[in-house]
Structure formats: C-alpha cells, structure tokens
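Student: Sequence and predicted model, in that order:
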Amino acid sequence: MTTHRTIGVLGAGEVGQAVADKAVHHGHEVLIGNRRGPETLAALVGRLGPNARAVTAEDAAKPELVFLSVPFSAVPELTDLTDWSGKIVVDATNQFATANPYQGRYDVGDLTGSEWVARHLPGARVVKALNTLYGAFIAAEPRHAEGRQVAFYTGDDADAKAAVADLLDQFGFAALDLGGLREGGRLMQLDGPLSAKHLLLQDVD
Ligand SMILES: NC(=O)c1ccc[n+]([C@@H]2O[C@H](COP(=O)([O-])OP(=O)(O)OC[C@H]3O[C@@H](n4cnc5c(N)ncnc54)[C@H](OP(=O)(O)O)[C@@H]3O)[C@@H](O)[C@H]2O)c1
C-alpha cells in the first residue's frame, strides 16, 4: 500500500524541481524551499499544482522526510535550520566545491560526501540517492520498454533506507541498495565508479 507523505524539498533547482514533480505526481504533499524565499517559487508551485507549497527553507526542513537538493557547499548553512534528529534526509548532493561544477571538488578528507553531510545535520538518518543521475534522468519517466532506470541508494539506517527505497520505487525507479554511507557512498559519490552512470534494469521473472 502506498504511504502518502509530506515531503520537504530543500533546494528548488533542477534536482529539487524534478523530485517535487515526481512526488506530487504520486500523491505526496510537497513543501519546497530555496535560499531566496517562497515568493520566488510562485510559478513553480503553480506548475506543480495544489499538492505543492512554496515555503521558507525552515519549513521545507520540517517534514520527517526531506530531500536535500542544494549545492554541497551550502550544506553547512543547514545545520541550524531545524532539529534534524531522526529525520530521513535523502542526500542528492555531489561534492563540488561551489555551485559551479567547473570549480573543483570540496575537500572532505577521509569521509565520503554523505558522511560529511550527515555530520552537518546532527541526528539525521541520511540516505544517499539520485546524485549519480543527471538531472534530466531524475526528471524523466524512469520506466522504459527496455527496463527501469536504476537509482542506487546507501545509508546506515535500515528503516530510513526502506522508506527511501519505497519512494524511489513509487517514482518508477529500480532502487538498488549499495550498503552503508562509507562503502556504498564511495561507489556513488562524485568520481566514484557509479557517478553519472545511467543504467536500466530489466526484471526477469
Ligand atoms: N543538476 C544535476 O544534473 C544534478 C544531478 C544529480 C545531483 N545534483 C546535485 O544536486 C544538488 C542540486 O543540484 P541542482 O542542479 O538542482 O542545483 P541548482 O539548480 O543550482 O539549485 C540549487 C538550489 O539550492 C538552493 N539553495 C542554495 N543554498 C540554499 C540554502 N542555504 N538553503 C536553501 N536552499 C538553498 C537554491 O536556491 P536559490 O535559487 O534561491 O539560490 C536552488 O534552489 C547539488 O548538490 C548537485 O551537485 C545535480
């Protein structure tokens, strides 16, 4: 049975819009926020329809499940936005040094990108997902005659991972579990072997 949720979407660019579109299409309520404020999102929520509301970043961070679709470099700004304890955070970020992908990588030392994100959102149950896909493939219909678009995910909390897998599955993706934020995160993150790899999975009965 499909569980309909209120989903927060933090960041309303290419990725945030694609996720919000899929979520409202599948019957969820979306609270979407950006840096500049809800008034800048009027046209977007007009297109998304009555299940989407433009809100402040603080309000977009309130639901129990929040998609993170901001530049990696903006993540430290989110630490005090809400009480992250127990929230499921779907981390779609890639660790570019700035919002401009041509300006190098953010140095997170020995951590994976999502471990670093988790450190900035105390208590959040972070699940890395969707970051390996180009925005156009997050937005596109994932079901094709040849198979379903694969969406990898990793995380250290089993319940959070199950909730995210269920959502990805509702959206039409073939959700594939790659383990924890450390080992799976290394495969999925920027420059990892699965970064920007677009695969279709054909289910064989
Ligand atoms: N585009 C892709 O193909 C793609 C694919 C996979 C993963 N990613 C990753 O997904 C993330 C988003 O990418 P994108 O291409 O969607 O970026 P984008 O189009 O540049 O949009 C970024 C969004 O984040 C918002 N933002 C920035 N700082 C914020 C803050 N402190 N609080 C709240 N909102 C804030 C921006 O708001 P304002 O507009 O108000 O500044 C904007 O709505 C990045 O980490 C990127 O590396 C991108």
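Tutor: Okay, I see it. Numbering: from 1, shown residues only.
Student: which intervals of the protein have sub-threshold pLDDT?
Tutor: Where the chain drops to pLDDT under 70, the residues are 1-2, 205.
Student: which parts of it sit against the ligand?
Tutor: Residues of the chain found near the ligand (CB under 6 Å from any ligand atom) are 10-16, 33-36, 57, 69-72, 74, 77, 92-94, 96, 99, 131, 133-135. C-betas here are computed from N, CA, C, even on glycine.
Student: rerun that using 5 Å as the cut-off
Tutor: Proximity of the chain to the ligand (CB under 5 Å from any ligand atom) is limited to residues 11-15, 34-36, 57, 69-72, 74, 77, 92-94, 131, 134-135.
Student: Give me the subset of these lying in helices.
Tutor: 14-15, 57, 135 (DSSP state H).
Student: Pairing partners for the lengthiest strand in the chain, with directions?
Tutor: Using DSSP state E, we find that the single longest strand of the chain is strand 147-155. According to DSSP bridges, strand 147-155 has the following sheet partners: strand 125-129 (antiparallel), strand 143-144 (antiparallel), strand 174-177 (parallel), strand 200-201 (antiparallel).
Student: and that strand, how far from the chain's centre?
Tutor: 12 Å (CA atoms, centre = their mean, to the nearest Å).
Student: got it, and stretch 82-97?
Tutor: 8 Å.
Student: Flag every buried residue along it.
Tutor: In terms of neighbour count (16 or more other CB atoms under 10 Å), stretch 82-97 has its buried residues at 82, 84, 87-96.
Student: Mind giving me the ChimeraX select for the residues of the chain next to the ligand, buried ones only?
Tutor: The buried residues among the residues of the chain next to the ligand can be selected in ChimeraX (16+ other CB under 10 Å) with this line:
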select :11,12,15,34,57,69,70,71,72,74,92,93,94,131,135
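Student: thinking again about what came up before, which member of the buried residues of stretch 82-97 is positioned nearest Leu194?
Tutor: Proximity of the buried residues of stretch 82-97 to Leu194 (CB to CB) peaks at Asn94, which lies at 12.0 Å.
Student: What distance do you get for the closest one to Gly185?
Tutor: Relative to Gly185, Asn94 is positioned 12 Å away (CB to CB, to the nearest Å).
Student: for whatever residue of the chain ends up closest to the ligand, what are its contacts?
Tutor: The ligand sits closest to Gly13 of the chain, with a gap of 1.9 Å, by CB to the nearest ligand atom. Going by CB atoms under 8 Å, 6 or more residues apart in numbering, Gly13 touches 34, 69.
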